[in-house]
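Novice: Sequence and computational prediction follow.
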Amino acid sequence: MQRRAVLAGMGAVAASAPVAHAAQKPGWMSPLLPEGTRDAATLVRLPGKQPLIELTNRPPNYETPIDAYANAVTPNDRFFIRYHLAEIPDMDALKNWSLTIGGDAAERPLKLTMADLKKDFPQAEITAVCQCSGAQRGLFEPHVAGVEWGYGAMGNAVWRGVRLKDVLAKAGVKAGALEVWMGGADGPVMPATPPFRKSLPVALAQRDDVLLAFSMNGQPLPHLNGFPLRVIVPGWTGTYWIKHLTTLEISTKPLPNFWIQKAYRVPAGMFPVDLPFTSQNDNATWPITEMVVNSVVATPLDGAKVTRAGFTVRGVAWDRGHGIKSVEVSFDGGTSWKPAVLDKDLGKYAFRGFSIASGALPPGPCKVMARAVSNAGETQATTLLRNPAGYHRNLPQTLTVTVA
């Protein structure tokens with residue numbers, strides 16, 4: 001497939017906010033981010049997108065400003081963008097797209113077009129959070145290497161497509177199948193760079209809620225969010241949500257790829273999981289898989305000025321699929337907590353919106369915090385669980401507003 005660097009020459013259509021000194025950055029940039037990140041990051045408008053925070057442009061990594069999470073469903077034009085490899089197929093190259101299914105554990109290798117997917121398989125829909133494994137990495141102390149994401153490396157959307165298990169059944173899954181290997185159309189600039197491939201345990205790939213999605217919030221997938229087809233793995237971090245999906249291999253062996261055997265790993269047993277990825281685990285590390293319970297406050301923004309009459313806190317909470325039981329908010333830096341009101345439940349894999357009014361407040365600084373509890377009884381961490389790649393930071397968010 002012909003590829004090109006999709007952002008090359010995009011300056012004519014991108015509108016960037018001017019770079020400001022760290023101390024002058026508005027509330028969409030967390031003060032906990034490294035100063036270099038805060039100095040360099042700008043708001044950039046890409047085709048079909050509202051302004052996003054540019055962290056890198058090759059490969060494209062763009063963060064959603066935190067105010068977008070005042071609503072539980074993230075609009076397509078505000079959805080974050082995450083790539084590892086810089087060569088991304090353009091829309092013309094994807095016109096003749098097809099999906100190839102094979103592997104040593106496939107009974108009937110086949111190739112499907114988009115028309116085949118929509119005609120031959122029942123469609124399904126799910127609302128689910130896609131969150132980069134490195135979300136909030138930039139807030140780690142001490143800082144760790146990698147893309148310095150703040151709070152906006154995530155989004156919640158209504159995904160529509162076909163069930164992965166139905167496609168696998170069409171190909172036939174042989175006894176002894178262990179994993180489903182997945183590959184997309186994006187590729188590396190240098191031949192020595194390993195292709196970005198991931199795999200899923202067969203038991204997970206055959207779950208009803210794992211989809212191959214062609215629609216996002218009622219529209220075709222945006223180009224930079226995986227057009228024409230991407231994998232949806234509810235409850236698992238976004239590294240498994242392969243974009244521009246082109247190949248599925250049903251295999252009796254573990255995928256021998258850098259991006260799963262060396263990268264994207266956490267200390268063994270450090271974080272809770274419901275479905276261990278046993279074929280890729282070792283004694284020291286496990287691949288990062290399921291998300292942890294977390295929350296963010298979308299409004300007010302950090303550093304905002306508010307009146308003595310008070311203000312309303314809005315935000316979202318989520319976990320790996322047990323659902324959110326409660327959210328509490330503190331207006332005094334964690335000394336006391338009040339229960340927030342939860343919005344409508346959009347599903348166990350979705351953001352759960354919450355809100356609470358502060359009531360009248362005395363003048364001066366007001367330190368706001370939020371913390372969530374899942375239906376499994378899991379709570380946000382009270383101390384940072386440090387790991388080399390900066391994964392799964394879920395400390396309660398803290399922001400300060402000035403009451404005047």
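Specialist: Right, received. Where do you want to start?
Novice: Now residue 402: closest residue in space, sequence neighbours ignored.
Specialist: Spatial nearest neighbour of residue 402, chain neighbours left out: residue 305 (4.9 Å); criterion: Cβ to Cβ, 6 or more residues apart in numbering. In this view, the C-beta of every residue, glycine as well, is placed from N, C-alpha and C.
Novice: ok, that neighbour - how many residues close by?
Specialist: Counted with other Cβ atoms under 10 Å, the neighbours of residue 305 add up to 10.
Novice: What of residue 108?
Specialist: Using other Cβ under 10 Å, residue 108 has 9 other residues around it.
Novice: Return the distance of it relative to residue 122.
Specialist: In this view, residue 108 and residue 122 are 19 Å apart by Cβ to Cβ, to the nearest Å.
Novice: just for the stretch 1-150 of the chain, where's the confidence low?
Specialist: Applying pLDDT under 70 to the stretch 1-150 of the chain flags the ranges 1-26.
Novice: residue boundaries of the helices in it?
Specialist: Secondary structure of the stretch 1-150 of the chain by DSSP state H, counting those that start in this stretch: the helices cover 35-40, 114-120.
Novice: likewise the stretch 151-300 of the chain?
Specialist: Under DSSP H, counting those that start in this stretch, the stretch 151-300 of the chain gives helices at 164-171, 202-205, 258-261.
Novice: Any idea which of these gets closest to residue 355?
Specialist: Closest to residue 355 of the helices of the stretch 151-300 of the chain is helix 202-205 (Cβ to Cβ; 34.0 Å).
Novice: To residue 230, which of the helices of the stretch 151-300 of the chain lies closest?
Specialist: Nearest to residue 230 among these is helix 164-171; the distance by Cβ to Cβ comes to 11.3 Å.
Novice: coming back round to it: between the helices of the stretch 1-150 of the chain, which gets nearest to residue 318?
Specialist: Closest among these, using Cβ to Cβ: helix 35-40, at 24.1 Å.
Novice: how about the helices of the stretch 1-150 of the chain in TSV, adding distance to residue 177 and mean neighbour count?
Specialist: Below are the helices of the stretch 1-150 of the chain laid out as TSV (distance: least, Cβ to Cβ, whole Å; neighbours: other Cβ atoms under 10 Å):
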stretch	distance to residue 177	mean neighbour count
helix 35-40	43	16
helix 114-120	21	13
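Novice: and of those, who's closest to residue 167?
Specialist: Among the helices of the stretch 1-150 of the chain, helix 114-120 comes nearest to residue 167, with 7.7 Å by Cβ to Cβ.
Novice: residue contacts, the residue nearest to residue 402?
Specialist: Residue 305 is in contact with 401, 402, 404, counting by Cβ atoms under 8 Å, 6 or more residues apart in numbering.
Novice: pLDDT below threshold where in the stretch 251-400 of the chain?
Specialist: The model of the stretch 251-400 of the chain has no residue with pLDDT under 70.
Novice: Just give the closest residue to residue 338, not the sequence neighbours.
Specialist: Among residues not flanking residue 338 along the chain, residue 329 sits closest, at 5.8 Å (Cβ to Cβ, 6+ apart).
Novice: can I assume that neighbour sits in a strand?
Specialist: Yes. Judged by DSSP: H, G, I helix; E, B strand; the rest coil, residue 329 forms part of a strand.
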